[in-house]
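In: mind folding the following:
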Amino acid sequence: MRSPSRGCPAATPWSTWPERTSSTLSEAYYRPSQTAEYDEDSPGGDFDFFSKLVAKWEAAARLPGNSTRQVVVRSGVVLGRGGGAIGHMLLPFRLGLGGPIGSGHQFFPWIHIGDLAGIVAYALEADHVQGILNGVAPASTTTNAEFAQALGTALGRPAFIPLPSIVVQAIFGRERAIMLLEGQKVVPRRTLAAGYQYSFPELGAALKEVVA
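Out: Numbers count the residues shown, from 1 in each chain. Below you'll find the predicted structure:
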């Protein structure tokens, strides 16, 4: 099994027949857009460094032939305690200095870490699951501004001070900042069709659990 995405959990595959599960980044694979909607069959992986890197990760994880059941989970921004994007955001939000990143209009594909691990485990155990799964929450219309407001509400703090793009680049670095400043509307169509039941389908409940 390969797990090339930064900060995303993985699991060791087990089965009575061969299988492979890997994880990549949905917000890197699909082209940023404020109008397009992307599901697992949408094109991508061919427009910048990160998208091409994800495409190469997925190609490297693919085994030839049909004897091995293979699943790739493309994760959104993972919400969990003690690190990741939330780890950088908590201090300013707790101080009442949080707010939208950049324009705030960009879509923000997210997933609770428990659901990302749950999708990986479900894919390993369910023999009918194969191919690409978008590891994002069903609330795919969330914008960054709405995310900021929800995080402020979860912390009991105001969240109206925007974080300028230049500051985002200074904190996260140019390449990581692109993923926060340019978003995509990513939907987990195949993940839902496969039968996975989300524990945290709504942003408010997910953030309350993370910051509790």
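In: can you name the element that comes right after the lowest-mean-pLDDT helix or strand in the chain?
Out: Lowest on mean pLDDT, DSSP states H and E among the helices and strands of the chain sits strand 19-25, with a mean of 74. Per DSSP states H and E, strand 19-25 leads on to helix 26-29 as the next helix or strand towards the C-terminus.
In: quick one: residues in contact with that next one.
Out: Under the criterion C-beta atoms under 8 Å, 6 or more residues apart in numbering, residues 38, 44-45, 50-51, 53-55, 74-77, 109, 134-136, 179, 183-184, 186 lie in contact with helix 26-29. Placement of C-beta: from N, CA and C, glycine included.
In: filter these down to the ones in strands?
Out: 38, 74, 75, 77, 134, 135, 186 (DSSP state E).
In: so who does residue 74 touch?
Out: Contacts of residue 74 by C-beta under 8 Å, 6+ apart are 23-26, 29, 40, 54, 132-136, 186.
In: now do residue 94
Out: Counted by C-beta under 8 Å, 6+ apart, residue 94 has contacts 155, 157.
In: buried residues in stretch 178-197?
Out: 178-191, 194, 196 (16 or more other C-beta atoms under 10 Å).
In: strands of this protein, start to end?
Out: Going by DSSP E, the chain shows strands at 19-25, 37-38, 69-75, 77-79, 110-112, 131-135, 185-186.
In: any idea of the angle the first one forms with strand 131-135?
Out: Translated: strand 19-25. Inter-element angle recorded for strand 19-25 and strand 131-135: 40 degrees (by axes from the mean of the first three to the mean of the last three C-alpha atoms, to 10 degrees).
In: ok, strand 19-25: who's next to it in the sheet?
Out: strand 69-75 (parallel) (DSSP bridges).
In: contact partners of stretch 136-146?
Out: With C-beta under 8 Å, 6+ apart, stretch 136-146 has contacts from 26, 37, 74-76, 100-112, 115, 180, 183, 185-188, 192, 198, 200-203, 206.
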